[in-house]
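> Show me the folded form of this:
(one chain, ligands or ions: 2)
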Amino acid sequence: MKAWWQLFSEAFTPAECQGLIDYALTHPVQQGSIGHGGANKVNPNIRRSKVRWLGRQDAKLFPFYARIADMAERANNHAFGFDLRQFRELQFTEYDAGDEGHYGWHEDNAWKAGLEVERKMSMVIQLSDPADYEGGRLELQNDPLGPEQFTRRGDVLFFPAFNRHRVTPVTRGRRYSLVTWFTGPAFR
Ligand SMILES: O=C(O)CCC(=O)C(=O)O
Ligand SMILES: [Fe+2]
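Ligands and ions are numbered 1, 2, ... in the order given. Predicted coordinates:
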């Protein structure tokens, strides 16, 4: 592993980001949960956000998934060197100032013994125009992002799932992000 994160700045255009938001909002909404596998729980103290799942089988999204797969491979080859086999559905996330949308410090992998496959690399895409919200900063524990980094619409960030991170409360407006995880044989 050579870095704690890898950023592709403005990899998607504002129009692409808006198109994704509009399309994602047509999907059924759920309350964001925490935990993995069968143990998913809703705990608003740790996480307050709404999620919508964008299916892997949706032909409309194939080109988009292909671009993500390509970037993921470049990020992994360049920065992490993990053994990754596949990636999950896209999670479209909504954080609203109205209910102080946030997600407290957490890791995305499970650190559970006996797992065959686990989340190893995480990805977040910044879909919202930064003028549309305040707060809602993604913070990384290891090698923190600078104040200007990962603030632009269309920015794509990859990091090891075990780099602890959080999203600070949204204090004005609404922030949308797109998240997915790349899995492979569990860390040993
Ligand atoms: O929305 C974000 O910026 C990150 C969300 C996150 O960490 C997660 O869903 O695991
Ligand atoms: Fe996360």
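
> Next up, the contacts around the residue nearest to residue 69 when sequence neighbours are not counted.
Leaving out its chain neighbours, the residue that sits closest to residue 69 by Cβ to Cβ, 6 or more residues apart in numbering is residue 87, at 7.1 Å. Every residue, glycine included, has its C-beta placed from N, CA and C. Applying Cβ atoms under 8 Å, 6 or more residues apart in numbering, we find residue 87 in contact with 68, 69, 72, 180, 181, 182, 183.

> And the buried ones among these, selectable in PyMOL?
Buried members of the contacts of residue 87 can be picked out in PyMOL with the line below, counting by 16 or more other Cβ atoms under 10 Å:
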select buried, resi 68+72+180+181+182+183
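
> Looking at the contacts of residue 87, spot the one nearest ligand 1.
residue 181 (7.8 Å; Cβ to the nearest ligand atom).

> Identify the residue of this protein closest to ligand 1, quick one.
For the chain, Cβ to the nearest ligand atom, closest residue to ligand 1: residue 177, 3.6 Å.

> quick one on the thing from earlier: so which of the contacts of residue 87 are in strands?
Counting by DSSP state E, the part of the contacts of residue 87 found in strands is 180, 181, 182, 183.

> Among those residues, which ones lie close to ligand 1?
The subset of the ones in strands among the contacts of residue 87 within reach of ligand 1, counting by Cβ under 6 Å from any ligand atom, is empty.

> after the helix ranked longest in the chain comes which helix or strand?
Among the segments of the chain that qualify as a helix by DSSP state H, the longest is helix 62-75. Per DSSP states H and E, helix 62-75 leads on to strand 86-87 as the next helix or strand towards the C-terminus.

> could you give the mean pLDDT of that following strand?
On average, the pLDDT along strand 86-87 is 90.

> Paired strands for that strand, with orientation please.
Strand 86-87 sits in its sheet next to strand 170-185 (antiparallel), going by DSSP bridges.

> And the partner strand, how far out from the chain middle?
How far strand 170-185 lies from its chain's middle: 3 Å, per Cα atoms, centre = their mean, to the nearest Å.

> which parts of that strand are buried?
Residues of strand 170-185 classed as buried under the neighbour-count rule (16+ other Cβ under 10 Å) are 170, 173-184.

> can you map out the helices along this structure?
14-24, 62-75.

> residue farthest from the centroid of this protein?
What lies farthest from the middle of the chain is residue 114; by Cα atoms, centre = their mean that is 25.3 Å.

> what's near enough to touch the residue of the chain closest to ligand 1?
Shown in contact with residue 177 (Cβ under 8 Å, 6+ apart): 92, 93, 95, 124, 125, 126, 127, 128, 138, 167.
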